[in-house]
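1. fold the stuff below for me.
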Amino acid sequence: MRRRAKTASGRNREASRPSARIGVRIPGVLLAALILGAVCTVVFWNSFSAAFLLDNQSIILGDPRLRALDWDHVRDIFTRPYWWPALESRLFRPVTTLTYAVNFSGLGNAADPFGYHVVNLALHWINALLAFALVRAVSGRWWAAVAAAALFTVHPLTVESVTNVVGRADLLAAMSVLSGVLIYRRFLQASGRRAIAWLPVLAAAFCAGVFSKESAVVLPGIMLAHDLAFPPVAAGRAIERWRRSLARVWPAYLAILPGLLILAWARWTLFHASPLFGEFGSDNPIALAPTATAVMTAIKVIGYDLALVVWPAHLSCDYSYNAVTLFGWTLTAGQDAHAWLSLLVACALAALAVLAWRRTTQRAVFFCMAFAAVAWLPTSNLLFPIGTIMAERLMYLPLVGMAGAMALVAAGLVETRAAAARATPRTVAALTVIVTVAVLAMLAARTMVRNEDWRSNARLWDSSAEAAPDSIKVIRGQALAVMTEDASGGRADEAIAILLRAVRLLDAHPLPTIHTPAALYQDLGSYLAAKATRLAQRGDQADAQAVLREALPRFERAAEIDRAINEEGKRRLALDGVPADRIHDTGTGSIYRYLGTTYGLLGDPARAASTFAYLEHIHPDSDDAHYSRGMAEGALAGAERAQGRVDAWRLHLDRAATSLIQATVLSPEHAGAWLTLERVYGSLAPGVTAIRTAGGRFELNRAELLVQRHFRDACGQLVRQFREAGLADARLAPCTEP
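-> Numbers count the residues shown, from 1 in each chain. As a prediction, the model looks like this:
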């Protein structure tokens, strides 16, 4: 009997070694799958009613690449950035985008979110199974592995990745990393050809991950943590062990190298000439901080994240400026006390990890803690600033390690206490199950409540305001939700009051111009313009003009910020050695549309025309930009004629005709441009038939010399503008027709 008996610690040591069997009996795997599947279904059943909110509007509903699964669309997915065509970004996630295309076109889900939620929940369930397999493999504890996977499954911090459809990037990256670690263990267990056969599988898993989300690059770091916890060679002198271990593992690390090289090449190809010069302080103020301040602020955020793991009462979809303030090097002022406390907690956890590593029986705990730390590191802002100072979705993968460590520590404490109290195994098991189920039930209840927040913009932003009331994006979101609830603009005053609070926050804690959120001032100006429109419709023209004059400086401030960002981007590109002919002006077109329209409504057609001319320059492929300039030039011509300046009147009508023709070249069905063009020619050349109809469609009568001149000027300007903007001129085919 003595020879057949094994202690619990002995079983753990054997299971934790790479050479040990990592599987469990098939019934055990099936039982874990059923338990986790049931937990997923119960906790996320109400996620299927979540709408396409926030980034989903652009990334899914606004992406033309998802409209068909053919070669051209798939090629665009693998050759354009993640946010294309909505905005410039430094993200490239073609695998994730391809899965959206499968939903949109392959499965026919289109704009119905239900199918997308099904896929997300299936991915979450798979990740839960992988988490179970990993914890079971390194610890040898079936129940602890189930508890860890269940804790990960139900935790409210996973909602932003599961219920928010575009959180799929986190789900896919996590699946890559978790499967990659398990594949790595298979490689270590095998030998000869069997070991080599696992290398392309590992390489494929890594490639799929980093092209789903950049954070999957942590896989080799987690493999290294595994090697520290469970050295592939455990016998012999230290130097000899490390030499033999290195000889054993290097092929696996080498297998990952091609994926890293492909990722680096793809990112350089796509982004080396990008006008984006870094992260914006309005999204992540750490980008503006000195190194020491940035590190302490990042440590404070780590403390906030750890607090949410333990007590996820208040959650937010955004923590932008100035929800988390920069560390101020005081002991108690502002949020500095939180930073010092977070530093103490981080040091304590690091000490516990070292202690667990020193104890062979606790190596599984060390590995889980190291897994969480390594998975956290690239998004922690400790190494470099990322696009956000804090986000719950970034906790998805680290939560696997945290859940594993907590479950294993809890299991060890229960066994220790039970042995000290001499409790029967059944009593220990019953108490363990009761406590575990109670904890999971509380977290599941919070998760189901959090799912409800994603039903509408109003609910999401209101709940976020409880957790991050000073986040400018949260305030903007609340104002937008108020405005969209009444399409007539009846709640404009309420939305304006909300946004003015964000303006006061910026006035109290200003940012450098290029880091100030232009969108805030654009939003405020647009809500004021909506209020002015409503007043004008009621006949209150004087009040409407007064409100427009209040909106104007908001739009001007937005334009000032936008142009400063453009100039800084061009300067950085020049410093990086990008040729001058590849550096183009960029900008947010909606700002200049609002600004030009406001100038026009306030009776300043000269500034309106100048603003729309700049809009033509930065967005020459926009027919609306050319149409708007044509309208403004026509209004300016009227003002010149009223002053008796005939030459100036004709000059501006010529410019109006040229811009309007540009609009019709880009959009032959632009009825407004054709009708306005008819009026322009009616003033310039009365009695001349400049526009004809053929087959129900408008066309220019290019037999007229004046029309010929305007058409030639319009096409020449379009070609020049497209080249200056670095755009392909495929849309200018009408200019080459005889």
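2. what are the buried residues along stretch 100-114?
-> Neighbour-count burial for stretch 100-114 flags 100-101, 103-105, 109, 113 (criterion: 16 or more other C-beta atoms under 10 Å). In this view, the C-beta of every residue, glycine as well, is placed from N, C-alpha and C.
3. mean confidence for that stretch?
-> On average, the pLDDT along stretch 100-114 is 96.
4. got a list of contacts for it?
-> Contact partners of stretch 100-114, identified using C-beta atoms under 8 Å, 6 or more residues apart in numbering, comprise 48, 50-52, 56, 59-61, 63, 65-69, 73-74, 77, 115-116, 119, 165, 168.
5. and it, end to end?
-> 13 Å (C-alpha to C-alpha, to the nearest Å).
6. on that earlier part again, now the contacts of stretch 100-114: which count as buried?
-> Buried members of the contacts of stretch 100-114, scored by 16+ other C-beta under 10 Å, are 48, 50, 52, 56, 59-60, 63, 65-66, 73-74, 77, 115-116, 119, 165, 168.
7. among those, which ones are in helices?
-> Cross-referencing the buried ones among the contacts of stretch 100-114 against helices under DSSP state H gives 56, 73-74, 77, 115-116, 119, 168.
8. out of the residues you listed, who's nearest residue 309?
-> Nearest to residue 309 among those, counting by C-beta to C-beta, is residue 168 at 22.2 Å.
9. pull the contacting residues for the closest one.
-> For residue 168, the contact set (C-beta under 8 Å, 6+ apart) comprises 96, 99-100, 116, 119-120, 123, 161.
10. likewise for residue 531?
-> By C-beta under 8 Å, 6+ apart, the contact set of residue 531 is 489, 492-493, 496, 547.
11. at 10 Å what do you get?
-> Applying C-beta atoms under 10 Å, 6 or more residues apart in numbering to residue 531 gives the contacts 489-493, 495-496, 543-544, 547-548, 550-551.
12. relative to residue 487, how far out is it?
-> 14 Å (C-beta to C-beta, to the nearest Å).
13. could you do residue 503 as well?
-> Counting by C-beta to C-beta, the gap from residue 503 to residue 487 is 25 Å.
14. the helices in the stretch 251-400 of the chain, which residues?
-> Along the stretch 251-400 of the chain, counting by DSSP state H, counting those that start in this stretch, helices occupy 291-310, 336-358, 363-376, 396-421.
15. possible to save these as CSV with mean neighbour count and distance to residue 242?
-> Shown next, in CSV, are the helices of the stretch 251-400 of the chain (neighbours: other C-beta atoms under 10 Å; distance: least, C-beta to C-beta, whole Å):
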stretch, mean neighbour count, distance to residue 242
helix 291-310, 19, 31
helix 336-358, 16, 15
helix 363-376, 26, 17
helix 396-421, 20, 24
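16. nearest to residue 676, of these?
-> It's helix 396-421; of these, that one is closest to residue 676 (C-beta to C-beta) at 52.4 Å.
17. hang on, the earlier thing: which of the buried residues of stretch 100-114 fall in helices?
-> Using DSSP H, the subset of the buried residues of stretch 100-114 located in helices is 100-101, 113.
18. okay, now the unreliable bits of the protein?
-> Across the chain, residues meeting the criterion (pLDDT under 70) sit at 1-26, 236, 417-425, 428, 738.
19. hang on, the earlier thing: just the closest of the ones in helices among the buried residues of stretch 100-114 to residue 292, please.
-> residue 100 (41.0 Å).
20. a markdown table for the helices of the stretch 251-400 of the chain, including distance to residue 622?
-> Listed next are those as a markdown table, based on distance: least, C-beta to C-beta, whole Å:
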| stretch | distance to residue 622 |
| --- | --- |
| helix 291-310 | 39 |
| helix 336-358 | 46 |
| helix 363-376 | 42 |
| helix 396-421 | 38 |
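21. out of the ones in helices among the buried residues of stretch 100-114, which is nearest to residue 609?
-> Closest to residue 609, out of all of these and judged by C-beta to C-beta, is residue 100, at 41.0 Å.
22. residues contacting residue 116?
-> When contacts are counted by C-beta under 10 Å, 6+ apart, residue 116 is found next to 48, 50, 52, 56, 60, 99-100, 103-104, 107, 109, 165-166, 168.
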